[in-house]
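Visitor: Structure for the following, please:
(one chain, ligands or ions: 1)
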Amino acid sequence: MDEETAAAELMQMINGYQVSQAICVAATLGIADCLGEGARTSDELAAMTAAHPQSLYRLLRALASVGVFHEGEGRSFTLAPLGRALRSDAPHSVAPWARMVERPYYRQAWSDLLHSVRTGENAFHHAYGMGVWDYRARQPEESAIFDSAMSSFAPPVAAAVLEAYDFSGFKTLMDVGGGQGVLLAAILAVNPHLNGVLFDQPQVVAGAAATIGAVADRCQVVAGDFFASVPEGADGHLMKWILHDWDDERSLAVLKSSRRSIEPDGKLLVLESILAPRNEGARAKFADLNMLAVPGGQERTTEEYGRLYEASGFALARVFDTGPRISIMECRPV
Ligand code: SAH
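Guide: Just a heads-up that it's a prediction; the model follows:
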């Protein structure tokens, strides 16, 4: 690659935040749902979304230049293939995640990434004087936006997990930090013999009724703090995208809570995106920076997870690869 091409490519990466923010604003306004299968002028869209007409036009034409929308005659717009994934009814809708990424507190944490890299401190904590979970607990709107972003990832992940792992041996499966229960409900739905326990913070499980509706007779919902303890009686513990939120010390505290309560012949399933070898696996490596900036956690290699299990009374038995997003680490109490 010659230097000029390299500079141009890098420039595109540098300005990538502009594309990101523009997509997130379009998602927050709900433009893709207003378009559906049809075409609308930017003025119509501005009226539907209470936006400033000329500024919305500028947003839409920019996004049409990168293939999110398509601009036709007379400032009319339709969804381009990429933009379809912004519809809330799309099977792999990224709209809830885009709406979360648009939130100023989230962007603020990333704006302070330099501070994290210089000091090792969590950028969010530096900017707001508290951890992001405490912040969300005090801001119900932010908590709801985050919970729905997490829930939106669950259906494709649930499908991959169900394909890779056989849950038929469990009697009671508890999802520790299970959010609003999308994954647990999907597992219970195809394992009719299984009972479930959804465990998360009070303000999170308060919104779980709709998600677990179909399996509610077999699913107990428990609110609590996983650093203090998790409920007894389950022979399966699930932790998806929990340990990556925390440093080693806090992760050990969660694992020890699980170890204290899990049945002696039980299994702990940790679902995380495991770090790839050098020069590969951008998704997990950028997720790792996200963990540094926002919750103050980290992504890890299998060996790093293994050390945490050992220090908390578990042994890593097997790793199931379920695709690029997530691996299942099966651990047994020792
Ligand atoms: N497992 C879900 C949610 C992951 S996000 C999924 O993969 O979609 C991390 C979850 O940890 C959030 O739902 C958050 O509410 C929960 N959490 C954070 N601190 C907690 C605590 N102290 N006790 C219990 N749950 C906690």
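
Visitor: Can you verify my assumption that Phe167 contacts Leu194?
Guide: Yes - using CB atoms under 8 Å, Phe167 is in contact with Leu194, at 6.3 Å. The way it works is simple: take the backbone N, C-alpha and C, and place the C-beta from them, glycine included.

Visitor: What parts of the stretch 1-150 of the chain come near the ligand?
Guide: Residues of the stretch 1-150 of the chain that fall close to the ligand, judged by CB under 6 Å from any ligand atom: 133, 150.

Visitor: one step back: which of Phe167 and Leu194 has more neighbours?
Guide: A count of neighbours by other CB atoms under 10 Å puts Leu194 above the other of Phe167 and Leu194, at 21 against 17.

Visitor: still on that earlier bit, report the set of residues contacting both of Phe167 and Leu194.
Guide: Taking CB atoms under 8 Å, 6 or more residues apart in numbering as the criterion, Phe167 and Leu194 both touch 173, 187.

Visitor: Name every strand pairing with the helix or strand that contains Met239 and say which way it goes.
Guide: According to DSSP states H and E, Met239 maps onto strand 236-240. Using DSSP bridges, the strands paired with strand 236-240 are strand 172-176 (parallel), strand 267-272 (parallel).

Visitor: could these go into JSON lines alongside mean neighbour count, distance to Ala154 and mean pLDDT?
Guide: As requested, those are arranged in JSON lines below (neighbours: other CB atoms under 10 Å; distance: least, CB to CB, whole Å; pLDDT from 0 to 100):
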{"stretch": "strand 172-176", "mean neighbour count": "25", "distance to Ala154": "10", "mean pLDDT": "98"}
{"stretch": "strand 267-272", "mean neighbour count": "23", "distance to Ala154": "11", "mean pLDDT": "98"}
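
Visitor: For Val230, which of those is the nearest?
Guide: strand 172-176 (5.5 Å; CB to CB).

Visitor: Name the nearest residue to the residue of the stretch 1-150 of the chain found nearest the ligand, sequence neighbours excluded.
Guide: Nearest residue of the stretch 1-150 of the chain to the ligand (CB to the nearest ligand atom) works out as Met150 at 3.7 Å. Of all residues not flanking Met150 in the chain, Gly179 sits nearest, at 4.9 Å (CB to CB, 6 or more residues apart in numbering).

Visitor: Equivalent analysis for Glu304, please.
Guide: Leu275 (8.0 Å).

Visitor: any idea how far Glu330 is from that neighbour?
Guide: Using CB to CB, to the nearest Å, we find Leu275 at a distance of 19 Å from Glu330.

Visitor: Which phi and psi values does the residue of the stretch 1-150 of the chain closest to the ligand adopt?
Guide: Torsion angles at Met150 (phi, psi; degrees, to the nearest 10) stand at phi -70, psi -40.

Visitor: pLDDT-wise, which helix or strand of this protein ranks last?
Guide: helix 209-212 (a mean of 91; mean pLDDT, DSSP states H and E).

Visitor: re the thing from before, please tabulate the strands paired with strand 236-240 in JSON lines, including the columns distance to Ala284.
Guide: Shown next, in JSON lines, are the strands paired with strand 236-240 (distance: least, CB to CB, whole Å):
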{"stretch": "strand 172-176", "distance to Ala284": "21"}
{"stretch": "strand 267-272", "distance to Ala284": "9"}
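
Visitor: quick one: the nearest residue to Ser261 once chain neighbours are set aside from Asp175, how far?
Guide: Leaving aside its sequence neighbours, Ser261 sits nearest to Glu232 (CB to CB, 6+ apart; 4.7 Å). Distance from Glu232 to Asp175, counting by CB to CB: 15 Å.

Visitor: Average pLDDT for stretch 90-97, rounded please.
Guide: In this model, stretch 90-97 carries a mean pLDDT of 94.

Visitor: Please enumerate residues in contact with it?
Guide: Contacts of stretch 90-97 (CB under 8 Å, 6+ apart): 27, 30, 32, 84-88, 145, 148-149, 151-153, 155-156.

Visitor: Buried ones among these?
Guide: Among the contacts of stretch 90-97, those buried by neighbour count (16 or more other CB atoms under 10 Å) are 27, 30, 32, 84-87, 145, 148-149, 151-153.

Visitor: And those residues, which is closest to Ala311?
Guide: Checking the buried ones among the contacts of stretch 90-97 against Ala311 by CB to CB gives Phe153 as the nearest, at 28.7 Å.

Visitor: check contacts around the closest one.
Guide: Taking CB under 8 Å, 6+ apart as the test, what Phe153 contacts is 97, 325.

Visitor: and Asp288, helix, strand or coil?
Guide: Here Asp288 is recorded as helix under DSSP: H, G, I helix; E, B strand; the rest coil.

Visitor: And the pLDDT for it?
Guide: For Asp288, pLDDT reads 98.

Visitor: check contacts around it.
Guide: By CB under 8 Å, 6+ apart, the contact set of Asp288 is 244, 275, 298-299.
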